[in-house]
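Visitor: coords please:
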Amino acid sequence: MPLMLSLLFMVILTSVPASAFASVPDDGELNAFVEQFMEREMKDEHVPGAVVSIVQDGKAVLMKGYGYADLERQAPADPYKTVFRTGSLAKLFTSTAIMQQVEAGRLDLHADIKRYLPDLKLKYIDDKPITLHHLLTHTAGFYESFYVLGRDKSKQLPLAEAIERGLPGLVREPGKQVAYSNHGFALAGYIVEQVTGRPYEQVVEDDFFKPLRMTKSGFRFREDDPDLARSYAYSKEKYHPLPYAYIHLLPSGALNATADDMSRFMIAHLQRGRFENVRLMSEASADQMHATQFSADPKLPGIAYDFFERRQNGLRLIEHDGGIDVEIRDNLEGG
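Guide: Predicted coordinates for the structure are as follows:
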């Protein structure tokens with residue numbers, strides 16, 4: 001079985017005291033460190049192209065591309081130009097949209113989701129309801145499936161139909177355990193549609209892309225777009241281009257964006273809901289979204305509202321990554 005790779009971003013947010021930044025490297029040191037790290041990791045992991053964006057104090061302090069976004073055309077990876085299929089980073093926009101609607105009084109994080117989706121055909125376990133709190137912490141109790149991916153653009157389904165066709169069953173009571181759920185976030189995005197009266201894509205366009213000036217971001221893409229990064233598998237010392245995957249459940253994994261665009265979203269979260277003169281949500285809502293909302297044990301890292309918690313070197317980090325094609329196994333043994 002060949003090694004499967006996907007093009008991905010990672011968002012990492014830190015919650016640390018100011019004293020922790022006493023040894024922050026200057027621009028030259030930071031660039032040298034990242035350069036050495038990327039050269040080593042891309043070689044070891046056979047990554048043809050990547051981009052890095054690092055933000056601090058409301059601005060990007062490093063924005064750089066490495067390698068190629070398209071090997072056949074020798075198109076360099078460009079943090080301002082190259083559009084990546086970011087996969088599950090879409091979930092962060094969904095969870096932030098939920099917090100916006102909670103703040104507007106249209107949603108209650110702890111109400112039964114059937115209040116917003118009365119026709120939802122889902123049988124609860126022991127009549128224990130599922131809430132938005134459960135969806136945003138991946139604790140609703142769904143089993144996971146991979147109905148979210150397809151290779152045929154013409155068969156991409158509207159969100160409502162995709163949810164109805166692929167809704168999984170429950171395997172545990174809500175609130176008991178974290179189990180990553182694409183369908184749970186599709187439901188969250190669908191709830192945003194219901195309470196706003198706008199398609200999910202339009203909500204994100206109006207409430208995120210436009211105010212943050214994310215001009216190259218979206219949920220649809222053209223395969224012939226010269227700025228679109230290609231995905232590759234590496235087998236027998238060769239890179240093999242993969243066909244593009246189409247995501248049925250847009251709120252769970254269909255975001256396309258550049259590193260420059262994503263840096264603006266990162267800054268907004270790092271600044272507790274604010275980017276320049278734009279406020280996505282109140283500081284109180286941002287703090288609630290970033291706080292630990294579930295943990296199996298107080299001694300273990302937990303989960304915030306879709307940000308996963310990690311502790312390293314005495315610091316608390318919240319993060320999310322995303323990828324496409326990781327679970328698709330194309331047979332390249334003969335190539």
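Visitor: For the residue positioned nearest the centre of the chain, give its distance to Asp321.
Guide: The residue lying closest to the centre of the chain (CA atoms, centre = their mean) is Leu89, at 0.9 Å. Distance of Leu89 to Asp321, given as CB to CB, to the nearest Å: 8 Å. (C-beta placed from N, C-alpha, C; glycine too.)
Visitor: List the buried residues in stretch 185-199.
Guide: Neighbour counts over stretch 185-199 (16 or more other CB atoms under 10 Å) mark Phe185, Ala186, Leu187, Ala188, Gly189, Tyr190, Ile191, Val192, Glu193, Thr196, Pro199 as buried.
Visitor: shaky segments in the stretch 201-335 of the chain?
Guide: Applying pLDDT under 70 to the stretch 201-335 of the chain picks out residues 325-335.
Visitor: thinking again about what came up before, excluding its backbone neighbours, what's nearest the residue nearest to the centre of the chain?
Guide: Spatial nearest neighbour of Leu89, chain neighbours left out: Gly322 (4.1 Å); criterion: CB to CB, 6 or more residues apart in numbering.
Visitor: Likewise for His248?
Guide: Leaving aside its sequence neighbours, His248 sits nearest to Ala162 (CB to CB, 6+ apart; 3.9 Å).
Visitor: Wait, Lys64 touches Pro79, no?
Guide: Yes: contact criterion CB atoms under 8 Å: Lys64 and Pro79 qualify, at 6.1 Å.
Visitor: picking up where we left off before, and the residue nearest to His248, how many neighbours?
Guide: 22 (other CB atoms under 10 Å).
Visitor: Quick one: residues in contact with the helix or strand hosting it.
Guide: Element membership for Ala162, per DSSP states H and E: helix 159-166. Outside helix 159-166, the residues within contact range by CB atoms under 8 Å, 6 or more residues apart in numbering are 121, 145, 147-148, 157, 183, 186-187, 189-190, 193, 199-200, 248-251.
Visitor: one more time with 10 Å, if that's ok
Guide: 117, 119-121, 145-148, 150, 156-158, 182-183, 186-187, 189-190, 193-194, 199-201, 247-252, 254 (CB atoms under 10 Å, 6 or more residues apart in numbering).
Visitor: pLDDT on whichever helix or strand comes after that helix, on average?
Guide: Downstream of helix 159-166, the next assigned helix or strand under DSSP H and E is helix 182-196. For helix 182-196, the mean per-residue pLDDT is 96.
Visitor: And helix 182-196, how far out from the chain middle?
Guide: Relative to the centre of its chain, helix 182-196 is centred 15 Å away, using CA atoms, centre = their mean, to the nearest Å.
Visitor: Remind me what the helix or strand just after that helix packs against, helices and strands.
Guide: Per DSSP H and E, the first helix or strand lying C-terminal to helix 182-196 is helix 200-204. Applying 3 or more CB pairs under 10 Å, 6 or more residues apart in numbering; DSSP states H and E, one finds that helix 200-204 contacts helix 90-103, helix 182-196, helix 250-253.
Visitor: And the strands in the stretch 1-150 of the chain?
Guide: 3-4, 10-15, 49-56, 59-70, 75-76, 84-87, 149-150 (DSSP state E, counting those that start in this stretch).
Visitor: quick one: Ala50 and Ala69 touch, right?
Guide: Yes: under the criterion of CB atoms under 10 Å, Ala50 makes contact with Ala69 at 9.1 Å.
Visitor: Spit out the residues that contact those two alike.
Guide: Each of Leu7, Ala77, Thr82, Phe84, Ala229 lies in contact with both Ala50 and Ala69 under the rule CB under 10 Å, 6+ apart.
Visitor: Now do the same contact list for the nearest residue to Gly175 once chain neighbours are set aside.
Guide: Nearest non-adjacent residue to Gly175, counting by CB to CB, 6+ apart: Thr139, 5.3 Å away. By CB under 10 Å, 6+ apart, the contact set of Thr139 is 130-131, 133, 172-179, 181, 184, 293-294, 303.
Visitor: Against Ala60, how distant is Thr139?
Guide: Distance from Thr139 to Ala60, by CB to CB: 34 Å.
Visitor: cool, and Ala291?
Guide: 26 Å.
Visitor: downstream neighbour of the helix or strand harbouring Ile267 in the secondary structure list?
Guide: Assessed by DSSP H and E, Ile267 sits inside helix 259-270. Downstream of helix 259-270, the first helix or strand assigned by DSSP H and E is strand 274-275.
Visitor: That next one pairs with which strands, parallel or anti?
Guide: Applying DSSP bridges, strand 274-275 is found paired with strand 278-279 (antiparallel).
Visitor: in the helix or strand following the strand it pairs with, what counts as buried?
Guide: Under the assignment DSSP H and E, the closest C-terminal helix or strand after strand 278-279 is helix 283-290. Of the residues in helix 283-290, Ser285, Ala286, Gln288, Met289, His290 count as buried by neighbour count, 16+ other CB under 10 Å.
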